[in-house]
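[1] What follows is a protein structure lacking sequence information:
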């Protein structure tokens, strides 16, 4: 960064000359690239711009037209200013025509009352220029090193934006092409002030070129993208007027964002990451209600003054053969859910909750029919996923109770997660969804699955049979479940178990002996059936391929359970 004329006048070598700005004060912020000493009246042809000219004026012309021409020529080549030492040609003051011409062109004209060594001035200014360039070079090197490290580490967009804001010392916003905020750092400012009406304000900023400063708003903007496909803009709000320095920082940040997205194409989209962060913030209380409302509004999803419905979707199908395949399946399913929501014109936050679950917080207006919206979305998603009567449903969809405020949204999401887990092992027709009344007893048992009393009940009813199967390698628990699932119809159950009737009957007798019950008694069978459903609920938490669930404490994790006290974590 070059010093300005005003800064040069404060250097000791010039201060000793008692400098006085006699004209062109409005140009004192012009940068000084170099200092040129000359007594020639036609020096302009030897200059390249941004030079500060030092002279005693001994060779300047006498007539006013020639003096004006001298000033005009200096101004036209972009000279930074003219410093004239009094005493040799001009005793006490500079000629009025020279002053008037400098004022007219806005060229700083400085008179030195005392004699100075021009060489000392040149050395001082040139040292200042070189030192400034070295400082700028070191700063640029530091910027490049910082963003190189962020690229190598695969930093999240929030980290990159935060680093740009730190270096630029101003608020920075990353937006998509729809002018919705994906990430931001307010740099100490109030977030609500920064993001209020963001889309409207941003649409009015259209700088020329990929990087440019909008003089009306003061925003410095650069495009974010690679391979000719831009997907967003990085904005430095209230950028200083010396934009070139900050342009480098903004462009390096944009390049890092674009590179990291290219390297992480197999991960969820940036929009889905942002939505997931907000959903997680609601569930874990990591974000305040006002923060979530503010950020969601900037994303184009209004949540205040609306009816909110939590929805959880779990994709059916066998387990993926590898972790990367599972991630890809979840990413594709999440994007499909987002497409279905857009097709139905639903306003919603949509993001992954765990290894195979997608969460939604649907925002409904006063005239939107809740059941119609949910059913339409389920049918649309069925069509996109290839569900149907011949293929069967590709996913389970569960909805929580609608709530009237964002403060209660967490409750709706948790309820939806519990219903989804309860419904996962049941049947479902394409184009429909589950709610709490639909899962009935199975849903109640899933809600109580971490209750020690229910686990004790399961152990009391089925413990001996579970132990026998474990010790002898038998499958009597399965035989009992098949029998009860078929309404105690032994013939149908035998066929379903792929056993001959004598073999099936023999195994039922062994079950009766081990448990000490009579399977012809309705009450005994009812008790055992409840115990089997409870066992299924408990095992769904800790089994190797179990789905993760959203816990009462709001955490989301693989194999997580809905805990009575709110704890969530893996189970053995």
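    That came through, no problem. Quick caveat, the model's predicted, so the values are computed rather than measured. Numbering: from 1, shown residues only.
[2] biggest helix in this structure, by residue count?
    helix 118-152 (DSSP state H).
[3] tell me the average confidence for that one?
    For helix 118-152, mean pLDDT is 78.
[4] How far off centre is it?
    The chain centroid and the centroid of helix 118-152 are separated by 33 Å under CA atoms, centre = their mean, to the nearest Å.
[5] Buried by neighbour count: which residues of that helix qualify?
    Residues of helix 118-152 classed as buried by neighbour count (16 or more other CB atoms under 10 Å): 118, 121-122, 124-125, 128-129, 143, 146-147, 150-151. Glycine gets a C-beta too; all of them are placed from N, C-alpha and C.
[6] Switch the residues you listed over to CSV; also include distance to residue 421.
    Converted to CSV, the buried residues of helix 118-152 look like this (distance: CB to CB, whole Å):
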residue, distance to residue 421
118, 84
121, 80
122, 79
124, 76
125, 74
128, 69
129, 69
143, 48
146, 44
147, 43
150, 38
151, 40
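[7] Which two of those have the greatest separation?
    Farthest pair in the buried residues of helix 118-152 (CB to CB) is 118 and 151. Separation: 48.6 Å.
[8] got the buried residues for stretch 503-510?
    The neighbour-count check on stretch 503-510 (16+ other CB under 10 Å) flags 504, 507-508 as buried.
[9] ugh, wrong one, stretch 512-523
    For stretch 512-523, by 16+ other CB under 10 Å, it's 514-515, 517, 519.
[10] and whichever strand or helix holds residue 398, which residues are buried?
    Following DSSP states H and E, one finds residue 398 within strand 395-399. Neighbour-count burial for strand 395-399 flags 395-399 (criterion: 16+ other CB under 10 Å).
[11] Please apply the same query to stretch 13-32.
    Buried residues in stretch 13-32, counted by 16+ other CB under 10 Å: 13-14, 17, 19, 21-24, 27-28, 30-32.
[12] That one: how far from the chain's middle?
    48 Å.
[13] Tabulate the buried residues of stretch 13-32 (TSV), appending distance to residue 417 and secondary structure.
    Output for those, formatted as TSV (distance: CB to CB, whole Å; DSSP: H, G, I helix; E, B strand; the rest coil):
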residue	distance to residue 417	secondary structure
13	74	helix
14	73	helix
17	78	coil
19	74	strand
21	72	strand
22	77	strand
23	75	strand
24	71	coil
27	66	helix
28	65	coil
30	64	coil
31	61	strand
32	66	coil
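[14] Mind giving me the packing neighbours of the next helix or strand after the longest helix of the chain?
    Once the chain leaves helix 118-152, the next helix or strand it forms, by DSSP H and E, is helix 157-168. If you count contacts as 3 or more CB pairs under 8 Å, 6 or more residues apart in numbering; DSSP states H and E, helix 157-168 packs onto helix 118-152, strand 172-176, strand 181-185, strand 229-236, helix 243-263.
[15] between these, which gets nearest to residue 296?
    Comparing the helices and strands packed on helix 157-168 by their distance to residue 296 (CB to CB), the top pick is strand 181-185, with 9.7 Å.
[16] following the closest one, which helix or strand comes up?
    Later in the chain than strand 181-185, the nearest helix or strand by DSSP H and E is helix 191-195.
[17] Could I get the buried residue list for the next helix or strand after that next one?
    Per DSSP H and E, the first helix or strand lying C-terminal to helix 191-195 is helix 198-203. Neighbour-count burial for helix 198-203, counted by 16+ other CB under 10 Å, picks out 198-199, 202.
[18] Pick out the lowest-pLDDT one from those residues.
    pLDDT across these is lowest for residue 199, at 89.
[19] And the one helix or strand residue 72 maps to, what does it pack against?
    Taking DSSP H and E as the criterion, residue 72 maps to helix 64-76. Where contact means 3+ CB pairs under 8 Å, 6+ apart, helix 64-76 is packed against helix 96-105.
[20] Name the next helix or strand following the helix it packs on along the chain.
    From helix 96-105 onward toward the C-terminus, using DSSP H and E, the following helix or strand is strand 109-112.
[21] could you dump the buried residues of strand 395-399 to TSV with pLDDT and distance to residue 347?
    Shown next, in TSV, are these (pLDDT from 0 to 100; distance: CB to CB, whole Å):
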residue	pLDDT	distance to residue 347
395	87	21
396	88	23
397	92	18
398	92	20
399	94	16
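[22] between these, which is nearest residue 40?
    Taking CB to CB as the measure, residue 395 is the one of the buried residues of strand 395-399 closest to residue 40, at 83.7 Å.
[23] Could you report the separation of that closest one from residue 386?
    Distance of residue 395 to residue 386, given as CB to CB, to the nearest Å: 11 Å.
[24] Could you double-check that residue 13 sits in contact with residue 119?
    No - Residue 13 sits out of contact with residue 119 when judged by CB atoms under 8 Å, with a separation of 9.2 Å.
[25] residue ranges with poor pLDDT in the stretch 451-572 of the chain?
    540-572 (pLDDT under 70).
[26] Quick one: the helices in it, in order.
    452-472, 476-485, 490-496, 501-515, 522-542 (DSSP state H, counting those that start in this stretch).
[27] residues making contact with the third one?
    What that stands for is helix 490-496. Here helix 490-496 makes contact (CB atoms under 8 Å, 6 or more residues apart in numbering) with 482-483, 485-486, 500-501, 503-505, 508.
[28] and which of those is nearest to residue 328?
    The closest of those to residue 328 turns out to be residue 485 (CB to CB; 34.8 Å).
[29] Quick one: residues contacting the closest one.
    With CB under 8 Å, 6+ apart, residue 485 has these contacts: 493, 496.
[30] Tell me the buried residues in whichever strand or helix holds residue 338?
    Using DSSP H and E, residue 338 sits in helix 323-343. Of the residues in helix 323-343, those buried by neighbour count under the rule 16+ other CB under 10 Å are 327, 329-331, 333-338, 340-341.
[31] Could you do stretch 234-250 as well?
    234-237, 239, 243, 245-250.
[32] which residues sit against it?
    1, 136, 139-140, 143, 161, 164, 167-168, 170-175, 194, 202, 205, 211, 213, 218-222, 224, 253-254, 257.
[33] Mind giving me the PyMOL select for those residues, buried ones only?
    Burial among the contacts of stretch 234-250 is assessed by 16+ other CB under 10 Å; the matching PyMOL selection reads:
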select buried, resi 143+161+164+167+168+170+171+172+173+174+175+194+202+205+211+213+218+219+220+221+222+224+253+254+257
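[34] Closest one to residue 382 out of the buried residues of stretch 13-32, please.
    Proximity of the buried residues of stretch 13-32 to residue 382 (CB to CB) peaks at residue 31, which lies at 64.7 Å.
[35] Can you report how many residues neighbour residue 530?
    18 (other CB atoms under 10 Å).
[36] Tell me if I'm right that it and residue 441 touch.
    Yes - applying CB under 8 Å, one finds residue 530 in contact with residue 441, separated by 7.2 Å.
[37] Between these two, which contacts overlap?
    Counting by CB under 8 Å, 6+ apart, no residue touches both residue 530 and residue 441.
[38] May I see the buried residues of stretch 13-32 arranged in a markdown table, with distance to residue 79 as well?
    Formatted as a markdown table, the buried residues of stretch 13-32 follow (distance: CB to CB, whole Å):
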| residue | distance to residue 79 |
| --- | --- |
| 13 | 19 |
| 14 | 17 |
| 17 | 19 |
| 19 | 17 |
| 21 | 15 |
| 22 | 16 |
| 23 | 14 |
| 24 | 11 |
| 27 | 10 |
| 28 | 14 |
| 30 | 9 |
| 31 | 11 |
| 32 | 10 |
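[39] Just name the closest of these to residue 52, please.
    residue 32 (4.8 Å).
[40] Verify the stated contact: that closest one with residue 126.
    No - when contacts are counted by CB under 8 Å, residue 32 is not listed as touching residue 126 (9.9 Å).
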